[in-house]
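Novice: below: sequence and its predicted model.
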Amino acid sequence: MKIPKRIQPLIEDGLVDEVLRQLMSGKEATVYVVRCGSEIRCAKVYKEAGKRSFKQAVQYREGRKVRNSRRSRAMEKGSKFGREEQETLWQSAEVDALFRLADAGVRVPVPYGCFDGVLLMELVTDDSGEVAPRLNDVVLTEEQARRDHDTIIRDVVRMLCAGLIHGDLSEFNVLVDSHGPVIIDLPQAVDAAANNNAEWMLERDVNNMRNYYGMFAPDLLETKYAKEIWALFEAGKLNPDTELTGEFEEPTEAADVDSVLQEIKDAFEEEQDRLARINSTNDDD
């Protein structure tokens, strides 16, 4: 097939030998099947920011650190250079997450590197060598649904222990090979400790998986893994081998609103007294 413009430099540099076919085109990238020497891999070509339907929402970017202060200032100002740097950060986020999660034991495609907006990674296949299907295209038995759901929950825990939350996990971002689910599509992965939206993103990810697998194993719909996992994480008690129950009791004590308001009032009055003392001292001078 005709070589995509973005992949041409990789062929010239010897990183890719041949583009075999287009695999899919999504909201953020187009993926091609390529040959690299004797291995068949996939090349994920990120779309330009203006052509993506998945926008780089602020809630996803929050907490991503940029060491270079000049780049950081440029991104805050939204200059052309800043937008280019933001785009580079967005693209590198996925390969960074893949390496990090692979080291943590999460089932993700093996990454080989990101080159000029093209991510080279493992092509996940089934036993016959064909591209592994997405979870939404697979019909599961009740037993398989429970088993694969357990695998996904365990990987979500491993991700969180590695400091990351997928942020867009659903049946469309999971492949299924002969060994079970493989998590894909991670450019929007968020820093669990630095992002104020981390809790609800984790809950959405986990509940998306619960609701999908629950169509095949209805008892899963009663589980509360998201709240259990986050509570353990906040308490510093979560590790990759933590035994989970899927149960969680919501706090039954109502918030003491009057007490909170009184504390705010007291703090305000103390601050007013402090300012009054400062003004009084200045007047005496």
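Specialist: That came in fine, so what should we check first?
Novice: all helices of the stretch 151-285 of the chain, in order?
Specialist: Assigned helices in the stretch 151-285 of the chain, in chain order: 198-213, 225-234, 257-284 (criterion: DSSP state H, counting those that start in this stretch).
Novice: in the second one, what's buried?
Specialist: This points to helix 225-234. Across helix 225-234, burial judged by 16 or more other C-beta atoms under 10 Å covers 225-230, 232-233. C-beta: built from backbone N, CA, C; applies to glycine.
Novice: those into CSV, with extra columns for pLDDT and distance to D205?
Specialist: Shown next, in CSV, are these (pLDDT from 0 to 100; distance: C-beta to C-beta, whole Å):
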residue, pLDDT, distance to D205
Y225, 98, 10
A226, 97, 8
K227, 97, 13
E228, 98, 14
I229, 98, 10
W230, 97, 11
L232, 97, 16
F233, 97, 13
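Novice: distance to C161 added to these, as CSV?
Specialist: As requested, the buried residues of helix 225-234 are exported to CSV (distance: C-beta to C-beta, whole Å):
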residue, distance to C161
Y225, 15
A226, 15
K227, 17
E228, 14
I229, 10
W230, 13
L232, 10
F233, 8
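Novice: select from the helices of the stretch 151-285 of the chain the stretch with the lowest mean pLDDT.
Specialist: Within the helices of the stretch 151-285 of the chain, confidence is poorest for helix 257-284, with a mean of 71 (mean pLDDT).
Novice: ranges for the strands of the protein?
Specialist: Applying DSSP state E to the chain gives strands spanning 18-25, 29-36, 39-46, 111-115, 118-122, 164-165, 174-177, 180-183, 190-191.
Novice: isn't F172 up against R134?
Specialist: Yes. Assessed by C-beta atoms under 8 Å, F172 is found in contact with R134 at 6.0 Å.
Novice: which residues does Y225 contact?
Specialist: By C-beta atoms under 8 Å, 6 or more residues apart in numbering, the contact list for Y225 reads 153, 206, 210, 244, 246.
Novice: output the helices of the stretch 151-285 of the chain in CSV; the columns should cover distance to H179.
Specialist: Below are those laid out as CSV (distance: least, C-beta to C-beta, whole Å):
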stretch, distance to H179
helix 198-213, 17
helix 225-234, 22
helix 257-284, 50
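Novice: contact partners for L15?
Specialist: 36, 115, 120.
Novice: ok, the nearest residue to the first one once chain neighbours are set aside to G113 distance?
Specialist: Which is C36. Leaving aside its sequence neighbours, C36 sits nearest to V16 (C-beta to C-beta, 6 or more residues apart in numbering; 5.7 Å). V16 is 12 Å from G113, where distance means C-beta to C-beta, to the nearest Å.
Novice: pull up the overlap in contacts between those two.
Specialist: Common contact partners of V16 and G113 (C-beta under 8 Å, 6+ apart): L120.
Novice: more neighbours: which of those two?
Specialist: Shown here are V16 and G113; by other C-beta atoms under 10 Å, V16 has more neighbours (23 against 12).
Novice: pretty sure that one sits against R35.
Specialist: Yes. Taking C-beta under 8 Å as the definition, V16 is a contact partner of R35 at 7.4 Å.
Novice: residues in contact with G113?
Specialist: Contacts of G113 (C-beta under 8 Å, 6+ apart): 95, 119-120.
Novice: where does it land on pLDDT?
Specialist: According to the model, G113 scores 90 on pLDDT.
Novice: sounds good, over and out.
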